[in-house]
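Colleague: Need a 3D model of the following:
(2 chains)
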Amino acid sequence: MLHPVMKRRVRISATLLFAGLLIELLALNGSHPMAFLTFALAGVPLVGAGILVFLYSLVSVKE
Amino acid sequence: MITPGTLTVLFFLLTMALVIVLFARPALTDTREGKILAFCALFLFPLFSSGIAFSIHMEHSKTTVFCLSCHIMEPYGRSLYVDDPHHLAAAHFQNHRVPADEACYTCHTDYALYGGIRAKWRGLHHVWVQYVGKPPAPEAIRLYTPYNNRECLHCHLGARSFEESPVHSAVREDLLSNQTSCLTAGCHDTVHEVAGLGNGKFWKGMP
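Modeller: Numbering: from 1, shown residues only, chains lettered A, B, ... in the order given. Down below sits the predicted model:
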């Protein structure tokens, strides 16, 4: 049975990652500095935060 | 045929689909297989996707379209179409002496170790000035440092047209040591000349 805290963190991680990946995907279409800024200032931090939340969930919740 | 761009989009969509699955069914991570899936979907694949996206953005940033997408660069884009063979930038662009789709980057990056990184760093500074600072008038834009002959000689050194020119032979050592600039008055001194573009004649290939 998955720990409720772990479950919540997986969901938070998934939400952040989905938002980040969506922004990165949309920014890929642009060949303009704004597209790069969107990627670097919105997409990457969201993906990074999602990954960190997931990794934290692995080490923070005991079986 | 599947292009690298299509593959990238497909990989993004696959990653996003797996992320949605884990959002909907976090209990999947209870099992060993589920843990592997979560590790891939919430760590490996997003990391890889972002890496690919970063690489694509880096390639985009080399394109002429990218450089000219800022309003301030518009006159410099027009200068590439001046109908005058004495305009250095226009002659190089129109005759494909530089790749037309990477014209700016080809001449304005340093052909040295870390040249590309330095060019990208300056590019970020330009973005900052464009959106946060006070952008100068196009004709007031100056290079950070005097144009290095190395950027010209990277292609021209050893070329017959360069080597057999008596003028070049006379100042060859000075050119190699940067003591005399290729852009010296009386030599190749007409480059972009954006201030005087209004009255100019343009090549019909101009979009």
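Colleague: The residue nearest the centre of chain B in helix, strand or coil?
Modeller: Nearest to the mean C-alpha position of chain B, by C-alpha atoms, centre = their mean, lies B:K62 at 2.3 Å. For B:K62, the assignment made with DSSP: H, G, I helix; E, B strand; the rest coil gives coil.
Colleague: Need the contact partners of the helix or strand of chain A with the lowest mean pLDDT.
Modeller: The least trusted helix or strand in chain A, going by mean pLDDT, DSSP states H and E, turns out to be helix A:33-38, with a mean of 90. Residues from elsewhere that reach helix A:33-38 (C-beta atoms under 8 Å, 6 or more residues apart in numbering or on different chains): A:23, A:26-30, B:57, B:60-61, B:66, B:69-70, B:123, B:126-127, B:130-131. All C-beta atoms are positioned from the backbone trio N, CA, C, and that covers glycine.
Colleague: what about the residue nearest to the centre of chain B, distance to A:S31?
Modeller: Separation of B:K62 from A:S31 (C-beta to C-beta, to the nearest Å): 10 Å.
Colleague: Repeat that for B:G5.
Modeller: From B:G5 to A:S31 the distance is 12 Å (C-beta to C-beta).
Colleague: Give the bridge partners for B:V82, please.
Modeller: Here B:V82 sits in beta bridges with B:F202, as judged by DSSP bridges.
Colleague: That one contacts B:F202, doesn't it?
Modeller: Yes - in this structure B:V82 lies within contact range of B:F202 using C-beta atoms under 8 Å: 6.2 Å.
Colleague: And these two? Which one has more around it.
Modeller: Taking other C-beta atoms under 10 Å in any protein chain shown, B:V82 and B:F202 do not tie; B:V82 has more neighbours (24 against 15).
Colleague: List the contacts of the more buried one.
Modeller: By C-beta under 8 Å, 6+ apart, B:V82 lies in contact with B:A90, B:E193, B:L197, B:G200, B:K201, B:F202, B:W203.
Colleague: Quick one, grab the pLDDT at it.
Modeller: We have a pLDDT of 92 for B:V82.
Colleague: contacts for whichever helix in chain A runs longest?
Modeller: As assigned by DSSP state H, the longest helix anywhere in chain A is helix A:4-27. By C-beta under 8 Å, 6+ apart, the residues outside helix A:4-27 that reach it are A:35-36, A:38-39, A:42-51, A:53-54, A:56-57, A:60-61, B:9, B:12-13, B:15-16, B:19-20, B:22-23, B:26-27, B:29, B:38, B:42, B:46, B:49-50, B:53, B:57.
Colleague: Can you pull out the low-pLDDT segments for chain A?
Modeller: Along chain A, the model assigns pLDDT under 70 to residues A:1, A:61-63.
Colleague: swap the cut-off to 80 and go again
Modeller: For chain A, the stretches with pLDDT under 80 are A:1-2, A:61-63.
Colleague: hang on, the earlier thing: what about B:G5 and A:S31, which has more around it?
Modeller: The neighbour comparison of B:G5 against A:S31 (other C-beta under 10 Å) goes to A:S31, with 18 against 11.
Colleague: what about that one, which SS state?
Modeller: Of the three states, A:S31 takes coil under three-state DSSP.
Colleague: cool, and B:D84?
Modeller: Following three-state DSSP, we place B:D84 in the coil state.
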